[in-house]
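Colleague: sharing a model that was predicted from the sequence below.
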Amino acid sequence: MKVGLEKLENHEGTIVKVLLDSSATGLFIDREFARKEGFKLEKLRSFLLVKNVNGAPNAGGAITH
(Lines give C-alpha, C1' and ligand atoms only; values in the text may rest on other atoms or scores of the structure.)
Protein backbone atom coordinates (compact mmCIF):
# COMPACT_ATOMS: atom_id res chain seq x y z
CA MET A 1 0.00 0.00 0.00
CA LYS A 2 1.27 3.51 -0.73
CA VAL A 3 0.78 6.41 1.70
CA GLY A 4 1.89 10.01 1.84
CA LEU A 5 4.10 11.34 4.64
CA GLU A 6 4.27 15.07 5.33
CA LYS A 7 6.76 17.09 7.41
CA LEU A 8 4.87 19.24 9.91
CA GLU A 9 7.34 22.12 9.87
CA ASN A 10 7.30 22.81 6.11
CA HIS A 11 4.62 20.52 4.62
CA GLU A 12 7.09 18.81 2.26
CA GLY A 13 6.04 15.26 1.57
CA THR A 14 6.91 11.95 0.04
CA ILE A 15 4.99 8.84 -1.05
CA VAL A 16 6.16 5.51 0.37
CA LYS A 17 5.14 1.85 0.29
CA VAL A 18 4.07 0.63 3.74
CA LEU A 19 3.20 -2.57 5.54
CA LEU A 20 0.22 -2.11 7.86
CA ASP A 21 -0.26 -4.19 11.01
CA SER A 22 -3.94 -4.20 11.96
CA SER A 23 -3.14 -5.17 15.55
CA ALA A 24 -0.48 -2.48 16.10
CA THR A 25 -1.25 0.06 18.83
CA GLY A 26 0.67 2.94 17.25
CA LEU A 27 2.39 4.24 14.13
CA PHE A 28 6.15 3.99 13.71
CA ILE A 29 8.72 4.88 11.08
CA ASP A 30 12.28 3.66 10.66
CA ARG A 31 14.74 6.14 12.22
CA GLU A 32 17.29 5.91 9.39
CA PHE A 33 14.58 6.43 6.77
CA ALA A 34 13.29 9.48 8.68
CA ARG A 35 16.80 10.97 8.88
CA LYS A 36 17.49 10.29 5.20
CA GLU A 37 14.23 11.98 4.20
CA GLY A 38 14.90 14.98 6.48
CA PHE A 39 12.14 14.41 9.04
CA LYS A 40 12.69 16.16 12.38
CA LEU A 41 13.31 13.65 15.20
CA GLU A 42 12.46 14.45 18.83
CA LYS A 43 13.87 12.30 21.61
CA LEU A 44 11.18 10.71 23.81
CA ARG A 45 11.27 11.29 27.58
CA SER A 46 11.19 7.53 28.07
CA PHE A 47 11.88 4.90 25.44
CA LEU A 48 9.38 2.26 24.28
CA LEU A 49 10.48 -1.36 24.41
CA VAL A 50 9.68 -3.38 21.28
CA LYS A 51 8.98 -7.10 21.54
CA ASN A 52 8.43 -9.70 18.87
CA VAL A 53 5.31 -11.87 18.74
CA ASN A 54 7.15 -14.54 20.78
CA GLY A 55 7.94 -12.01 23.53
CA ALA A 56 11.65 -11.72 22.72
CA PRO A 57 13.17 -8.22 22.51
CA ASN A 58 13.30 -6.91 18.94
CA ALA A 59 16.79 -6.81 17.42
CA GLY A 60 16.15 -3.21 16.29
CA GLY A 61 16.05 -2.07 19.90
CA ALA A 62 13.77 0.37 21.67
CA ILE A 63 11.91 3.32 20.14
CA THR A 64 13.81 6.41 21.34
CA HIS A 65 12.52 9.21 19.12
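Modeller: It's in.

Colleague: hey, let's count contacts and neighbours off CA atoms from now on
Modeller: Will do.

Colleague: run through this structure and note the low-pLDDT ranges.
Modeller: The model of the chain has no residue with pLDDT under 70.

Colleague: three-state assignment of the residue lying farthest from the centre of the chain?
Modeller: Residue farthest from the centre of the chain, counting by C-alpha atoms, centre = their mean, is residue 54 at 21.0 Å. Under the three-state scheme (DSSP: H, G, I helix; E, B strand; the rest coil), residue 54 adopts coil.

Colleague: okay, now the sheet partners of the helix or strand where residue 14 lies, with direction.
Modeller: Following DSSP states H and E, one finds residue 14 within strand 13-17. Using DSSP bridges, the strands paired with strand 13-17 are strand 2-6 (antiparallel).

Colleague: contacts for the partner strand?
Modeller: The contact list for strand 2-6, computed with C-alpha atoms under 8 Å, 6 or more residues apart in numbering, reads 12, 13, 14, 15, 16, 17, 18.
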